Every structure is written in structure tokens, then in C-alpha cells.
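A.B. asks: next comes the sequence, and after it the predicted model I'd like to discuss.
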Amino acid sequence: MADIDNNQNLTPLEQLLGENLLKDSNTCEKVSTTSFLDKKKQKIFLYFSAHWCPPCRGFTPLLSAAYEGYKNKFGDDSETVILFVSRDNDEDAFTRYHKEMSFPAILFNSERSSKLMEKFEIRGIPSLVEIDSNGDAVERNPRVDFRSLIDAHGADAFPLTEERLVELKKEYEKLKLQKLRELYSGKIPFISASNGNEDIEDDIKVSLRELIDGNDSVGILLGDGDALDGSYSATKSIFDNLPSTTKVLSFPVVYLGWSLYDSNSDHSKVSNLFEYSLSDLSKEVRMAIEGIVGKSEACAPQLIILRKEKGLCNTDGTCEDGHSIVVVSADPNLRKVQAMGATSFPWDAAATKEFEDAKKAKTEKLKGEIKDLNFLIEPEASGAVLLPKDGRDVSTDDLFVGEEEGVVGLYFSAHWCPPCRMFTPKLAKCYEEVKTAGHKFSVVFVSSDSDRDAFEGYHKNMVTSAGDQFLAIDYKHRELKDNLSEIFETRGIPALILLKSDGTLITKEGAQRVGIGGAEAFPWDDATAERVKKEQRNAAIEKEKDEEKTQKDAGDVIVKRLVGSVSSIRHDISKNILTYESFSTAGTPHLYATSGVIYYELEVLENECGYPQLGFAHKDGIKLSNKYSGLGVGDNNTSWGVDGNRSIRWHDGELPWPCSWEVGNIIGLAANIDKGMIAVSKDGNWTKVGSGVVFEDDSIKEGVYPCFTGQSFKMRYCFKEDDLIYDRPEESIW
């Protein structure tokens, strides 16, 4: 059952997602979670994404277009709903990103999204997760990749049911077989030219059938003409080693000019590396390749290996008729070829399994070398693991091996990753502070950069103000990096794995603990991290108490946080400004009155799809809490609030209210306790539509005080008579 909000009055989906959803960021239109997700057979998918994430920005337009096409086709009969769960760093980024989407979002709340990530064990984004009406994950075949399905089929992939997936697979297999036969038979002409390499004469025309019939297998290399991409020459080198490392006697490769990486790309500068080329592709050849590997998977660079059918039956019961060709393997981005090398030819499922089994064995061996950090110190045949530091080889002393208090952090990071670039200077500052305090701490950079140049450039920035640079694993040890990622289960970056100097694991959550506790939390073990977290929380509470005393001593109205985590509201008492980071409530309980008229003003300073609920509450109308509650002013029957963003009056539920606010508006709120009324003005006007008396309730006569809820909202408050901009409401208003 859902448990993000532990409020038994809410439905499971409301507990999980919140009571309202953001239907459209362009209009700030909200919709009730319960009313929107009311179909019994409805399928609900949560889409975890963020604008700072490049893969997310690549996939979101595809998902949005596919979903829009699906909804346009089926309308009210559509059974699948997608909800955006933002991992953006702030409200503005969330709003701008959501405007690009055709589906609703849960309201921006970093605390809620973090809990959702944890609940559904999301290790990387973008990610799609299906949930049921109880808010629990729906079990799916782990091999089903929703992203690939939508990439390949767009709107046709919906409603993303198991039945639809089976249908799509059958359609794909049928199309693939058809296209392979058409290519082999010559129905779709596929004539390549030789490049004059080795013993092949230049510019000899040859059909695909001639190549297939005359060789063990044939490689079709989809290229993008990027001569600066080292993967082409690296792959060619591997191909050249095939005769000496395998039983393959003949494996010609045809370079296809599939696409151009950029304006400087030129197919002729890459195609001459290989035996044959075909740069002027017909529409029929292009569609055939897309049918063979899938439209979304047909991208460059990619190696597709074909061979002639052998007329034999496989152990799974499928048989080849001997009259066509089959796809042995497909390798997007040439990853398998480069990672597995010539000995794993033809890089098919069997070869991949064998390679993975061998890799697993190496990983198990490496686990044993974690002790005393031997894997970082002992030289390999290809050279030392760690780069030299200050012109000398790194020794055990640099890693504090044998010293009880030493800590080593394995820092998995990359320059292409924005959160990494944000965290690296924080880690460098923390590293310097820890060292200055006399502690024994080393950081080892484990690069996820795409090439050595990027690695070296990024590593140069990993230095303290005193010039002390992080250690780093030499970029050439890619297999070691992959094995360490596997051992420590790093599914995303930045990641900081903290180890004692004897190799004992302290925590895999080093980045989070350093980010929260800083140098004070060294060595970031469970006990110290929890202690520092508690101390910081207590310090924040003490700061609030000091601010309260400062306000009191100055004779000011005391405004303080009532509900929400300690860090949910930033309060500038010198300027009377409240900035709401997450959904929380502040107020002035000491202004509680049982008679007369209470009047105060609020100026809207920032309001990009914020969620304000401003008004009054009974003496005990707001339940005080240092935790997120999800309840704001007007969400119960002991408080009253107005919301000019969503045009809603709040009192034990919501009612439409014809008023809207913009930045710069000054909102006046008045409670006539004797008459049991609450009135609202905008920029001093008490008579326009939406202004004047908005609540009449005899229970107001019991007494109220000002209080105000917000999220992603910034306002300035004013209570002092001399500082008020506008007049109190005249008697005629009541």
C-alpha cells in the first residue's frame, strides 16, 4: 500500500501522489488525483525524468508525441495514463520542462519524488514504472524495456500491456524476415563498391547476395561520417585481428552512409577503413535496415552481422529454410565489439554470455582484492592502476593502508554529467576541510567520461585551493572501472563509495552524506552521519528560536514555521520575506484574537505555479509538526484559506473562487471575528469580483489568527499599521 503521506483520510493514490496533479504547466491547471485516476482498469505509469539529464531530454519528446498520438486516437477510451515525476533541482526547471510534455505531473516536491525513487527502487533516469490503484509497482518481465518500445513503435506501443507487446513482437519478426529475404533475393537492390583494400580491386560492384554466399559472414556498419570518433579505427583494428584470434576466415564489412554526425562529417573519410561502402542509400534499403533492427534502433554507428541460413534447426525448435539470411547480432554504438574484443566474435547472445561469465569471475576475484585496497596499489601487467601524483607513484601511504582512521572515497563521476559538475567543487572543499582538520582522507576519481581527453580535463579541476589534487584510476583501466561499478552497485553518478583503509565498506551513500553533513560528518559512518544530521536539525530549530526572540525584542509581529521540515521555509526576518521550498505552513499564533478585526497584507514576490493557501485558523486549527504533512491552511474545518494561483477557496475542501494573483499583487486579508466573516482584497480593492467577503462561518467567532501555507512561493508580509500599503476594509464590506 502507498505510504508517502501517512494520512488515513486519503486514498492510497492520494497518499502516494498527493491530492492534486498538475494537468498543464502552461495554464497552471490542477486536477484532483482521485477524479483524474478514477477508471477501474486504468494503467498508471510514473515517468521519472529531469531536464538536466541528457538521455531524458532525448526521450521525453518521443514519449510525449507517442502519448499524444495515443490519446488522440482513443480519447476517453484510452486506458493508460502517464504522470511526470520530476527530479529537477528547482520549481522553475520543473515547470519549463513539464511544458514540453503532453501528460500531467505530480506537484513539484523534491521530498516526495525522492521517496518515490526509493519506494520503486529507481536507480537511473529516465525511467517508467507502472503502479496499481493501491500505489504499488506492477510486476513486469524485467527484459521489457518501455523506452525501447516507445522508441520503436511510438503511439502504437500503447497501451503498454503484455498483450500489446506480444503483438508488436510478432509484427516485428514478420517484417524482419520479409526484409532479409528481399535484400538477399535482390528485390531490394543492395550494391556496394569495393574500396581497394587488401586484395580487393578498387570500385568493384558487388551485391549483398554475392558477399553473403562467398564469406562466412558479412558486417553491415551503419556510419555517421565522424572521422574524429575513435570507435571506427578501434573497431577496424579488432576486425583485423579476427583471423589470428578466431576461426573466422572471411568477414568483409560494408560501410553504409547512414547519417552525418555534424556539419564536419564526411563518409569518405571513414568508409575507406573498410572493404566495401554504400554511401548513397535508397529509401528501400533504409527501410529494410529499419525493419531488420527496428526503426528506433537503426542508428549510427552500429554493426549488424549477417550470414546465410544453414538449413538446420535450433535447440529452441526454430528452423532455417536455407533460402535467406539471418541476423547474427546487432551492436549499437559498437559497444560490444570494443568491450569484448576479437575473441568474442560474432558478439551474439552466446558470445555475450561467455564474456559476461568471465567478467563475473574477474569481479569475484576483485572483491577479494578490496581488502587493504590491493586493487589500487598492486601494478597490473599494463601498468600502475593509479596515475602518479606530484611526479611520483602512489603508495600505500597515500591510501593510509594499515592506519585505523583512514578513509578512501571512490568518486564515480564524469564531466558530461551536470550533477557531477555541481558536486565536484563541494567534494573538493570538503576534502580540503577534512585534511586541514588533520583527518586521513583520500579521494580516488573513477571516470565515466567518454574519452581520455575529457577525463584528463575534468581531473585537472579536481583540486583544492591549496593545489592538492584527487587521486585517479588511469583511464585505460576501463574494465576495472566497470567491475568496481558492479561490485558497489553504482547505478547513477555522482556516486561516492567510502571505504576504510582496510577496504571495509563505510557507505555507498557518500555523496549524499558529504552533501548534507560536510566535513563535520567525517568519516560519514551511520552513527556520525545521523549525529550530524540531528545536530544540524537542532541548530536550525535553535536558529528559528533566535529569530523568534529577535522579532519579539524588536517589538515585531512574530512569524514562525508551524508545519513542515526545518528546511522547508527560508525566513528573512530583516525583510519580512518567506520563501517556501516545500509544502509547509507559517503563521502568527500570538496574534490569536477572539474579537475585533485582524488585518494583514502579503505581497507576491515569486509565483511560478506556486501553491499558496493564505488565511486564518482557530487557536488549535493547525496541528504543529516538524514534518511534511500535506495539509495546508483551509484543508481542514478549523482553518480558512484563499489561493489566487488555482482560483480556489479552501475550507475543509475546495470551492471555485474567481480571483487570480500575479507577482507584485498585494493581497489584503481581514477577519471580522465578531461577525464570523473573512474578506480578501487585491491591491486595495475590496469590491471587484473575487474580493470582499469570501467566508461566512459562525465558528470564526470562536477566534482566529493569521497563517499561510505555500510551496514554490515567495512573499513579503506586513502586519504593522504604519507599514500597511492599503486601508483596512470599510464597515460596508461586512
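C.D. replies: Now that the structure is in, tell me what you want to look at.
A.B. asks: could you use CA atoms for every contact and neighbour count after this?
C.D. replies: Will do.
A.B. asks: just give me the neighbour total for the residue nearest to residue 272 when sequence neighbours are not counted.
C.D. replies: Among residues not flanking residue 272 along the chain, residue 195 sits closest, at 6.0 Å (C-alpha to C-alpha, 6 or more residues apart in numbering). Using other C-alpha atoms under 10 Å, residue 195 has 19 neighbouring residues.
A.B. asks: how near is residue 195 to residue 279?
C.D. replies: 12 Å (C-alpha to C-alpha, to the nearest Å).
A.B. asks: give me the pLDDT value at residue 90.
C.D. replies: What the model reports for residue 90 is a pLDDT of 78.
A.B. asks: give me every residue that touches it.
C.D. replies: Counting by C-alpha atoms under 8 Å, 6 or more residues apart in numbering, residue 90 touches no other residue.
A.B. asks: distance of it relative to residue 632?
C.D. replies: For residue 90, the distance to residue 632 - C-alpha to C-alpha - is 21 Å.
A.B. asks: quick check: beta-bridge partners of the residue nearest to residue 272?
C.D. replies: Judged by DSSP bridges, the bridge partners of residue 195 are residue 202.
A.B. asks: tell me the pLDDT of it.
C.D. replies: For residue 195, the pLDDT comes out at 76.
A.B. asks: try residue 275
C.D. replies: With respect to pLDDT, residue 275 scores 90.
A.B. asks: hmm, it is touching residue 253, no?
C.D. replies: Yes - counting by C-alpha atoms under 8 Å, residue 253 is a contact partner of residue 275 at 5.8 Å.
A.B. asks: now stretch 217-230: average pLDDT?
C.D. replies: 92.
A.B. asks: how about that stretch: buried residues?
C.D. replies: 217, 218, 219, 220, 221, 222, 223, 224, 225, 226, 227 (16 or more other C-alpha atoms under 10 Å).
A.B. asks: what distance separates it from the centre of its chain?
C.D. replies: 31 Å (C-alpha atoms, centre = their mean, to the nearest Å).
A.B. asks: ok, residues contacting it?
C.D. replies: Counting contacts by C-alpha under 8 Å, 6+ apart, the residues touching stretch 217-230 from outside are 211-212, 250-262, 264-271, 299-308.
A.B. asks: number of residues surrounding the spatially closest residue to residue 599 that is not a sequence neighbour?
C.D. replies: The shortest distance from residue 599 to any residue other than its chain neighbours is 4.4 Å, reached at residue 670 (C-alpha to C-alpha, 6+ apart). For residue 670, the neighbour count with other C-alpha under 10 Å is 22.
A.B. asks: any idea which helix is longest in this protein?
C.D. replies: Secondary structure of the chain per DSSP state H: the longest helix is helix 526-553.
A.B. asks: now what about the helix or strand just after that helix, what contacts it?
C.D. replies: The helix or strand immediately downstream of helix 526-553 is strand 560-563, counting by DSSP states H and E. The contact list for strand 560-563, computed with C-alpha under 8 Å, 6+ apart, reads 544, 548, 569, 584-588, 622-629.
A.B. asks: returning to what we had before: need the buried residues of stretch 217-230 in JSON lines (columns: distance to residue 373 and secondary structure).
C.D. replies: Below are the buried residues of stretch 217-230 laid out as JSON lines (distance: C-alpha to C-alpha, whole Å; DSSP: H, G, I helix; E, B strand; the rest coil):
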{"residue": "217", "distance to residue 373": "45", "secondary structure": "coil"}
{"residue": "218", "distance to residue 373": "45", "secondary structure": "strand"}
{"residue": "219", "distance to residue 373": "43", "secondary structure": "strand"}
{"residue": "220", "distance to residue 373": "44", "secondary structure": "strand"}
{"residue": "221", "distance to residue 373": "42", "secondary structure": "strand"}
{"residue": "222", "distance to residue 373": "43", "secondary structure": "strand"}
{"residue": "223", "distance to residue 373": "42", "secondary structure": "strand"}
{"residue": "224", "distance to residue 373": "42", "secondary structure": "coil"}
{"residue": "225", "distance to residue 373": "43", "secondary structure": "coil"}
{"residue": "226", "distance to residue 373": "40", "secondary structure": "coil"}
{"residue": "227", "distance to residue 373": "40", "secondary structure": "coil"}
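A.B. asks: quick check, nearest of the residues you listed to residue 351?
C.D. replies: Among these, residue 217 lies closest to residue 351 (C-alpha to C-alpha), at 15.6 Å.
A.B. asks: how far does the top strand by length along the chain sit from its chain's centre?
C.D. replies: Scanning the chain for the longest strand, with DSSP state E as the assignment, gives strand 597-606. Relative to its chain's centre, strand 597-606 lies at 37 Å (C-alpha atoms, centre = their mean).
A.B. asks: which residues sit against stretch 482-490?
C.D. replies: With C-alpha under 8 Å, 6+ apart, stretch 482-490 has contacts from 359, 362, 363, 366, 367, 491, 497, 508.
A.B. asks: what's the closest of those to residue 405?
C.D. replies: residue 497 (16.2 Å).
A.B. asks: contacting residues around that closest one?
C.D. replies: Contacts of residue 497 (C-alpha under 8 Å, 6+ apart): 409, 410, 411, 488, 505, 506, 507, 508, 509, 510, 511.
A.B. asks: buried subset of the residues you listed, written for ChimeraX?
C.D. replies: Per 16+ other C-alpha under 10 Å, the buried members of the contacts of residue 497 correspond to this ChimeraX selection:
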select :409,410,411,488,505,506,507,508,510,511
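A.B. asks: adding distance to residue 150, write the contacts of residue 497 out as a markdown table.
C.D. replies: Shown next, in a markdown table, are the contacts of residue 497 (distance: C-alpha to C-alpha, whole Å):
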| residue | distance to residue 150 |
| --- | --- |
| 409 | 39 |
| 410 | 36 |
| 411 | 34 |
| 488 | 31 |
| 505 | 40 |
| 506 | 40 |
| 507 | 37 |
| 508 | 33 |
| 509 | 33 |
| 510 | 35 |
| 511 | 33 |
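A.B. asks: nearest to residue 684, of the contacts of residue 497?
C.D. replies: Out of the contacts of residue 497, the member with the shortest distance to residue 684 (by C-alpha to C-alpha) is residue 511, at 49.6 Å.
A.B. asks: name the nearest residue to residue 298, sequence neighbours excluded.
C.D. replies: Distances taken as C-alpha to C-alpha, 6+ apart put residue 290 closest to residue 298, at 5.5 Å, once the chain neighbours are dropped.
A.B. asks: in this structure, where is pLDDT below threshold?
C.D. replies: Applying pLDDT under 70 to the chain flags residues 1-8, 39-41, 141-144, 196-203, 245-246, 248, 311-323, 378-384.
A.B. asks: at 50 instead, please
C.D. replies: 1, 380-383 (pLDDT under 50).
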